[in-house]
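**Q** what's the 3D shape of this:
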Amino acid sequence: MSTVSRRIASLQAGLQPLLDFLDHSEHAKRIGDPTICDFVFGNPQEMPLEELVASLRRHVVPGNKDWFAYTIREPAAAKAIALSLRSRTGLPFEPDDVHLAPGTFGALATALRATVDPGDEVIFLSPPWFFYESMIAVTGATPVRVTLAPPAFPLDATAVDAAITPRTRAIIVNSPHNPTGRIFTAAELEAFGAVLARASARHGRPILVFSDESYNRILFDGRSFISPAVSYPHTLVLYTYAKQLLAPGERVGYLAISPAIADRLELGSAVLLAQIVGGWQMPSATLQRAVPDLEGLSIDIPALQRRRDRMAEALSGLGYDVMVPEATFYMMVRSPIPDDRAFTSLLARHDVFVGPGHIFEMPGYFRISLTANDDMVRRSVAGFAAALREAEGG
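**A** Coordinates of the predicted model:
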């Protein structure tokens, strides 16, 4: 008899393609090999920001006996985040609206635990980030998929409206969108907010938006970002500093409750309890103290954009069908053969490693992470060319 819970076992079945890729693929065997061109995940391929290292060194040195005590919310961090949110959204966020979290991952887990009951439904958009569906399901709620239509992948308010039922409790929205690189427009968000407002009134309770804004500072071509919180009041903003710092192993971010939510104090108490019973879902004390420094730090976005442009130009020149992203670390490319698994394996034989599209619910595509360094980009072109010739030759 298995010692694994039935709920986890059922989640494993749905995540098996991703788990197999993480544990058993050729990439898993060769990760860290300096001879490969690694475009799989948004991991750093260069040394971290010097300012980040300096900040962590400064804040780890004890200033008093409580330096490493339990830290729920560092006041200076909450104040810095509230000021940043005010500037970015125009909404009157207060420090008490801010809950420090171990990145968007932890913030979303807390949001679900604090607001969703077994039997509720939570909508997510496809193509999705890997774990949305399983994170919903593990709460006992029902995940409801709304598929965005290629090639533009717009936020389709009509499709969202059709998916809403009296059991709908929340919807996860990710903009800028991983993996497509889309930024949802003001018009899309206005229509989306109007649909949710009508449905909330119709069913007698507000539908919450969990706004995953992890990439809201990784923007290209002078574009701007608008939070769903601007268009819809019942929004929880989820953020991680991991993307702007390219430091995914340093788990710090936040959940911010929109000041337009009438019972935000009650919800804030529920969020705190959900963080505690969820296994102390707060960042380390050192990371919390560093947040005022981190707010002003970022990797070189113009350099990332130039890398995007070089990759897009090189691959398009070879004959690949490239989706040029508006934001995020990622670029989706159509596989020259329908089986993206087979083609990513073919690329791997040429030491080029990419994310197969089926693990992002985009079969027939593959994903390139622009966090690869410039040397990898240069060396990869020959591999992309050779794999394409082999695919076209059958």
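**Q** Which parts of the stretch 51-200 of the chain are helices?
**A** 75-89, 103-115, 132-137, 157-163, 186-203 (DSSP state H, counting those that start in this stretch).
**Q** hey, which of those helices is tucked in deepest?
**A** Among those, helix 103-115 has the highest mean neighbour count (mean count of other C-beta atoms under 10 Å), at a mean of 24. (Glycine included, C-beta is placed from N, CA and C.)
**Q** Touching it from outside, list them.
**A** 99, 101, 122, 131-132, 135-136, 139, 141, 169-170, 172, 208, 210, 212-214, 236, 238-242, 248, 251-255, 267, 270-271, 273-275, 277-278, 281 (C-beta atoms under 8 Å, 6 or more residues apart in numbering).
**Q** try stretch 344-352
**A** By C-beta under 8 Å, 6+ apart, stretch 344-352 touches 25-27, 35-37, 39, 335, 353-356, 366, 379-380, 382-384, 386-387, 390-391.
**Q** Among those residues, name the buried ones.
**A** 25-27, 36-37, 39, 335, 353-356, 366, 379-380, 383-384, 387, 390-391 (16 or more other C-beta atoms under 10 Å).
**Q** quick one, what contacts the residue nearest to the spatial centre of the chain?
**A** Centroid check for the chain by C-alpha atoms, centre = their mean gives Ser214 as the closest residue, at 5.1 Å. Ser214 makes contacts with 104, 174, 178, 238-240, 242-243, 253, as judged by C-beta under 8 Å, 6+ apart.
**Q** 6 Å instead?
**A** Taking C-beta atoms under 6 Å, 6 or more residues apart in numbering, we find Ser214 in contact with 104, 240, 243.
**Q** Format the residues you listed as CSV; extra columns: pLDDT.
**A** Shown next, in CSV, are the contacts of Ser214 (pLDDT from 0 to 100):
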residue, pLDDT
Thr104, 98
Thr240, 98
Lys243, 98
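**Q** between the residues you listed, which is nearest Glu190?
**A** Each of these was scored against Glu190 by C-beta to C-beta, and Thr104 proved nearest at 24.1 Å.
**Q** Among the buried ones among the contacts of stretch 344-352, name the ones in strands.
**A** 37, 353, 355-356, 366 (DSSP state E).
**Q** Pull the most distant pair out of the residues you listed.
**A** Among these, Cys37 and Pro356 lie farthest apart (C-beta to C-beta), at 15.6 Å.
**Q** hang on, the earlier thing: columns distance to Ala157 on top of the ones in strands among the buried ones among the contacts of stretch 344-352, output as a markdown table?
**A** Shown next, in a markdown table, are those (distance: C-beta to C-beta, whole Å):
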| residue | distance to Ala157 |
| --- | --- |
| Cys37 | 40 |
| Phe353 | 37 |
| Gly355 | 29 |
| Pro356 | 31 |
| Phe366 | 30 |
